[in-house]
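Chemist: Sequence first, then the predicted structure, then my questions.
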Amino acid sequence: MKEKLTHIFNRLWPINRSITGPGFRESLDILSEIIPMERIYFKSGSHVFDWTIPDEWIVHDAYFIDPNGKKHAEFKKNNLHLLGYSIPIKGKMDFAELRTYIFTLPEFPEAIPYRTSYYHKNWGFCITHKEYENLPDGIYDVFIDTEFKKGFLEIGEIVLKGESEQEILFSSYLCHPSMANNELSGPLVLTFLYDYVKNLKNRRYTYRFVLAPETIGAISYLSIRGMHLKEKLVAGYIMTCLGDNRKFTYKLSRQGNSIADRAAKIILRDNCEHHIIPFDPGNIGSDERQYCSPGFNLPVGSLMRSMYGTFSEYHTSLDNVNFISFDALVRSVNIYSLIVNAMETNEYWENTVMYCEPQLGRRGLYPTISSINKNHYLKDLNAAMLWLLNYADGDHDLLDIADISKHRYDVLIEASKKLSEAELIKKKYASE
Amino acid sequence: MKEKLTHIFNRLWPINRSITGPGFRESLDILSEIIPMERIYFKSGSHVFDWTIPDEWIVHDAYFIDPNGKKHAEFKKNNLHLLGYSIPIKGKMDFAELRTYIFTLPEFPEAIPYRTSYYHKNWGFCITHKEYENLPDGIYDVFIDTEFKKGFLEIGEIVLKGESEQEILFSSYLCHPSMANNELSGPLVLTFLYDYVKNLKNRRYTYRFVLAPETIGAISYLSIRGMHLKEKLVAGYIMTCLGDNRKFTYKLSRQGNSIADRAAKIILRDNCEHHIIPFDPGNIGSDERQYCSPGFNLPVGSLMRSMYGTFSEYHTSLDNVNFISFDALVRSVNIYSLIVNAMETNEYWENTVMYCEPQLGRRGLYPTISSINKNHYLKDLNAAMLWLLNYADGDHDLLDIADISKHRYDVLIEASKKLSEAELIKKKYASE
Amino acid sequence: MKEKLTHIFNRLWPINRSITGPGFRESLDILSEIIPMERIYFKSGSHVFDWTIPDEWIVHDAYFIDPNGKKHAEFKKNNLHLLGYSIPIKGKMDFAELRTYIFTLPEFPEAIPYRTSYYHKNWGFCITHKEYENLPDGIYDVFIDTEFKKGFLEIGEIVLKGESEQEILFSSYLCHPSMANNELSGPLVLTFLYDYVKNLKNRRYTYRFVLAPETIGAISYLSIRGMHLKEKLVAGYIMTCLGDNRKFTYKLSRQGNSIADRAAKIILRDNCEHHIIPFDPGNIGSDERQYCSPGFNLPVGSLMRSMYGTFSEYHTSLDNVNFISFDALVRSVNIYSLIVNAMETNEYWENTVMYCEPQLGRRGLYPTISSINKNHYLKDLNAAMLWLLNYADGDHDLLDIADISKHRYDVLIEASKKLSEAELIKKKYASE
């Protein structure tokens, strides 16, 4: 997977993506080689809830030339140089005026910042503060060759049917130009997770994968799928910032105790260092702000590694291939796969022997000689069986039992298999 | 305010107050210059719940003379010298007998203790332990010229009507002789808070201010107003020990999560160092013991600075003007005012755009260029707006949102104004 | 009590107990001198829930002889040498074969382990690892003279009637051969606790004492008494590991907040160092695993000192008289007695003066002079009275109030006596 993932990353990297336009479309096409998404189109100018779909934005070129004739902020060298959604401009201006259109990061003088102005007509350049400080006074040539046209905002969507109509959603966004963690990591992990889920046999849940531009894309998507999701969605995750090598971070859904939250917490507890943070609609966030708006209040959390806004490379040219690790991306796919497994196997089991413990020994599920169990795994498995038998009362599902018992979820799964084979437990709900 | 408050303090200071009698009446008259309270009278001998209203107590003079002719415990020098509610006595007695009627504080040898015997006929003197240790043996002249007469226990009460019949109560007690923190601070802060509330335009709540003798006064008051308060009271505070310069202390009501408790907690969190302590009917307490008795269980907490019983000057002559600070008293009025404001502005807001976030940018409520918000206050205000929008679901009031979001209450108020002007939120209950 | 207890311990110690057979019967007879239990019989081969009653097991002799003619693992020297429920065997075998039937504890080379194989036909010897390491190669004589016969599993039971049909259960098990803490301590404490409860005047609750073999005995017992207990039992305790001198351990019942749990927690809080551990059906446990199986879910916890499995002497020959202390056993009886008292005296009191505090002073329940109470116990008692009055609202029982107020339970009892005598509180439920 790592090789394939690296290859796709390299093809996506140079493309100038934005919330609309050819870069987004091209990127979606590349990912569709693996995840064959259908496209949903929203016409420029149409209304989605409180918002209006913007025109498509096309960039041909952009730069400015200093009084000494030196070119700066060349879009063709780095697409972050141009303020996102800049209007076209061509002409001369004094540095005193130009500087009000230049964005830098004085605290990170070697980084080009990433800035956009989607909904307010504006233009601008983003450069390193180091470069900015050496710009001479005088008259500059400014050249931004961009174009706005009526067109479409596009969303990629694919649904993998399962036995149940209940759905699990994975959503990421593809509107950032050349940055690696935020945001190529999300779409990449989503794509390779799709590959995993597609191959699951006897899927219980229906899985929905969505790639859209951030915010306006999620809002557009919810304008057509929101009510359906309100009825069917049991768990969802916004996939973002999954490429760095640090601890995982799980941001709880607004509901806080949905299956999405419970599965993520148990799998992270069992498998990796992590922190859990509360739902927070106020500070910077991603599309969970839309999914968890009060009218929808969907069970959508977000599993990340270092969260947006918490690393200094965030939204700068330093968020590049050196900042991420392909092993970390593969591990992120893996952790998401474990969460899928947890949800697939989570059951309300019912004990068939409710009064006293069943005799496990005569079923070969318990050592016949007392205290002789030296094998740590078998001891653990035996304990997990007893926990499961005791809490298989129809009121606690497997994730609950993993939480109360502190046993690893995978050990409880193994215990449930053995007990189920021995007909000591049965599923409360045959299939939903 | 500070000057006026200091002036009134100085006038009140020398008066010999008790639970009945001329000192209480005179003190109430002085405060009534600012807070024009009506008087409620309870006749001596009448019954209030399990208690009986005592006779009025009038002191003319008191002292004792040692065998060397030296006068001690002169009531006219310090009214703490006389045990509260002492019966009259005149005669000679041996030191061995007299000493059983003398109260001192061996652990604070320079302090005159404050002692009373309201409901058991007795007499006594309170002096410093230092003075006590120098008293010679021999025959003493004892002189206590006090008088008991049928009269009234008095309570001062004033109600400021608001739009709603729901009430907020502020209660303090005025029965202590010359002590500063416990207790002139409470009546003074109540008086100046009245001045603040009186000037509030469009008061939402009805405000009730009560000054009574402690315990018997609160019981008397509840005997006539208890059932009314049980129906109308949404929040109440016992005001006491508000004059020292140390941390605030909030003692929760028995209910523990009333608006009184929630408003106090948020305002203290936002504005000053403090501690929150649980409701406690067992250790020394004040009138919340009556208001929170199980039959009433009113939402009455108590906001203090150093709580009674926790400072060594408590109930001694050292609780004098040097122990308190007039700036601290003004700050106490200010904190109570902020609590009033919090309750006045606390609303259940409802989002008018329940599905996805509204577009704040086009309403001038969000920066048009991404990540460009350097102003700390504006960032905070934006985050507060997003929190408010998300939790304006009709189930969370502003105090709840301040608690969950950890945003300052005043920032949320500002956010609510802006969102309300933009018609993005509306009040769930137009007016109660 | 200590002398009597020591005497009985010494008589019980040498007996070879198992889950059935003459050793169990003889031990029950000895204890019945103090606690005159009735016997309940379960026939070999009969079914109890998912289990089958095993045949009785009788041991005549057992040992093996090494090639040098030296006798080892002599049952007559220590009954732990023989694997519990060993089948008879007589013959010669090579050390290579014999060793697979020998159990040792390499980590405790001086300890003989305790092992059983109740439900799977097997045989074996348990010896110290030190002895094992010196066994020579060669041909051994193996001799196990045991016998299985149809008979009975026996349970001892006695019920002390109280005013109420609601029951409190004390259960322990008597199936371990010569070990001291686990398990002669449990039956001994149960026996002497019986002696205490028997002498209680006007018992409120009905008390049930049960001695059975562990697991199969509890299951058998529940097969005939389970439904009765489900209806009547309000609290129960598995008594085990009560002989060592260390901290108490209370393992919560599955319900977690039953009277059993609340009484144990308050009494331990007030009287001794201890830890509270959650219900845990997974790791090694005792008969609470049966009582708390989901079909019964009885309010049965377990109060121990060092819990089984947490001390290295556990289930070895080192769990002998040197490991325990007779003072500790007496103290264990005492703590259980205090728990019984707590349950007997736990009431829902109701205030007869619900509105405001009653005047305690005129009833002699409060100092007549303010702040004069120097006596620490009286201060505490006064505070406890006020707590009790405030929470005597019919919704909080005395254990609740002990928990909320942090007052000692015995002080609250004293407070309730004084208040009840003064007719300030009355019992909500005259008698159940």
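Modeler: Nice, thanks for sending it over.
Chemist: A:Ser178 is in contact with A:Pro14, correct?
Modeler: Yes. Between A:Pro14 and A:Ser178 there is a contact under CB atoms under 8 Å: 6.4 Å. All C-beta atoms are positioned from the backbone trio N, CA, C, and that covers glycine.
Chemist: quick check, stretch A:152-169 touching chain B?
Modeler: No. Figure legend: stretch A:152-169 not in contact with chain B (CB under 8 Å from any CB of the partner chain); closest approach 14.4 Å.
Chemist: related to what we said a few turns ago, which of A:Pro14 and A:Ser178 has more neighbours?
Modeler: Neighbour count, other CB atoms under 10 Å in any protein chain shown: between A:Pro14 and A:Ser178, A:Ser178 has more, with 21 against 11.
Chemist: Neighbours of A:Lys43, how many?
Modeler: 10.
Chemist: List phi and psi for the residue lying closest to A:Tyr429 once chain neighbours are set aside.
Modeler: Excluding the flanking residues, the one nearest A:Tyr429 by CB to CB, 6 or more residues apart in numbering or on different chains is A:Tyr348, at 6.3 Å. When read as degrees, to the nearest 10, the backbone of A:Tyr348 gives phi -90, psi 100.
Chemist: Who are the contact partners of the closest residue to chain B within the stretch 151-300 of chain A?
Modeler: Nearest residue of the stretch 151-300 of chain A to chain B (CB to the nearest CB) works out as A:Gly295 at 3.1 Å. By CB atoms under 8 Å, 6 or more residues apart in numbering or on different chains, the residues touching A:Gly295 are A:226, B:351, B:354-356.
Chemist: swap the cut-off to 6 Å and go again
Modeler: Taking CB atoms under 6 Å, 6 or more residues apart in numbering or on different chains as the criterion, A:Gly295 is in contact with B:354-355.
Chemist: Pass me the low-pLDDT residue ranges in chain A, would you?
Modeler: Along chain A, segments meeting pLDDT under 70 span A:371-374, A:430-432.
Chemist: Name the residues of it found near chain B, please.
Modeler: Contact residues (CB under 6 Å from any CB of the partner chain) of chain A with chain B: A:49-51, A:115-117, A:119-120, A:219, A:222, A:281-283, A:289-290, A:293-295, A:315.
Chemist: Show me these that map onto strands.
Modeler: In strands, judged by DSSP state E, the following of the residues of chain A next to chain B are found: A:Trp51.
Chemist: Kindly supply the PyMOL command isolating those of the residues of chain A next to chain B that are buried.
Modeler: Burial among these is assessed by 16 or more other CB atoms under 10 Å in any protein chain shown; the matching PyMOL selection reads:
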select buried, chain A and resi 49+50+51+115+116+117+119+219+222+281+282+289+290+293+294+295+315
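Chemist: rewinding a little: tell me the bridge partners for the residue nearest to A:Tyr429.
Modeler: A:Asp397 (DSSP bridges).
Chemist: I'd like the distance between it and chain B.
Modeler: Going from A:Tyr348 to chain B by CB to the nearest CB, to the nearest Å gives 29 Å.
Chemist: hang on, isn't that residue packed against A:Lys428?
Modeler: Yes. Counting by CB atoms under 6 Å, A:Lys428 is a contact partner of A:Tyr348 at 4.0 Å.
Chemist: where do the contact lists of those two overlap?
Modeler: A:Gly394.
Chemist: Pull out the buried residues from stretch A:323-336.
Modeler: A:323-326, A:328-336.
Chemist: just stretch A:417-432 next, same as before
Modeler: Buried residues in stretch A:417-432, counted by 16+ other CB under 10 Å: A:418-420, A:424-425.
Chemist: before we move on, what about stretch A:80-96?
Modeler: A:80-86, A:89, A:93, A:95.
Chemist: ok, back up a step: ok, and which of the buried residues of stretch A:417-432 reach chain C?
Modeler: When CB under 6 Å from any CB is taken as the criterion, no member of the buried residues of stretch A:417-432 contacts chain C.
Chemist: Out of those residues, flag the one nearest to chain B.
Modeler: Taking CB to the nearest CB as the measure, A:Ile425 is the one of the buried residues of stretch A:417-432 closest to chain B, at 38.3 Å.
Chemist: May I have the phi/psi pair for the closest one?
Modeler: Main-chain dihedrals, A:Ile425, degrees, to the nearest 10: phi -130, psi 150.
Chemist: Verify the stated contact: it with A:Asp393.
Modeler: No. A:Ile425 lies out of contact with A:Asp393 (CB under 6 Å); the separation is 10.5 Å.
Chemist: which residues touch the most far-flung residue of chain A relative to its centre?
Modeler: For chain A, the residue at maximal distance from the C-alpha centroid (CA atoms, centre = their mean) is A:Ile369, at 50.2 Å. Shown in contact with A:Ile369 (CB under 6 Å, 6+ apart): C:115, C:117.
Chemist: Now A:Gly55: closest residue in space, sequence neighbours ignored.
Modeler: Small correction: residue A:55 is Asp, not Gly. A:Phe148 (4.2 Å).
Chemist: Let me know the distance separating that neighbour from chain B.
Modeler: 16 Å.
Chemist: helix/strand/coil for that residue?
Modeler: Following DSSP: H, G, I helix; E, B strand; the rest coil, we place A:Phe148 in the strand state.
Chemist: For the most centrally placed residue in chain A, give me its contacts.
Modeler: Note on chain A: the residue nearest the mean C-alpha position is A:Met239, at 0.6 Å, using CA atoms, centre = their mean. By CB under 6 Å, 6+ apart, the residues touching A:Met239 are A:170, A:172, A:186, A:189-190.
Chemist: Narrow the residues you listed to those in helices?
Modeler: Residues of those located in helices (DSSP state H): A:186, A:189-190.
Chemist: Count the residues that sit near the closest residue to A:Tyr85 other than its chain neighbours.
Modeler: In space, A:Tyr85 comes closest to A:Tyr118 once its chain neighbours are excluded; the distance is 4.9 Å by CB to CB, 6+ apart. Neighbour count for A:Tyr118, taken as other CB under 10 Å: 20.
Chemist: how close does A:Tyr118 sit to A:Leu28?
Modeler: 19 Å (CB to CB, to the nearest Å).
Chemist: Run through the bridge partners of A:Val210.
Modeler: Legend: beta-bridge partners of A:Val210 under DSSP bridges are A:Glu157, A:Ser171.
Chemist: just checking, it touches A:Glu157?
Modeler: Yes. At 5.3 Å, A:Val210 counts as touching A:Glu157 under the criterion of CB under 6 Å.
Chemist: Those two: who's more crowded?
Modeler: Neighbour tally, A:Val210 and A:Glu157, criterion other CB under 10 Å: the higher count belongs to A:Val210, 25 against 17.
Chemist: For the buried residues of stretch A:417-432, work out which two are farthest apart.
Modeler: Comparing every pair within the buried residues of stretch A:417-432 by CB to CB identifies A:Lys418 and A:Ile425 as the most remote, at 9.6 Å.
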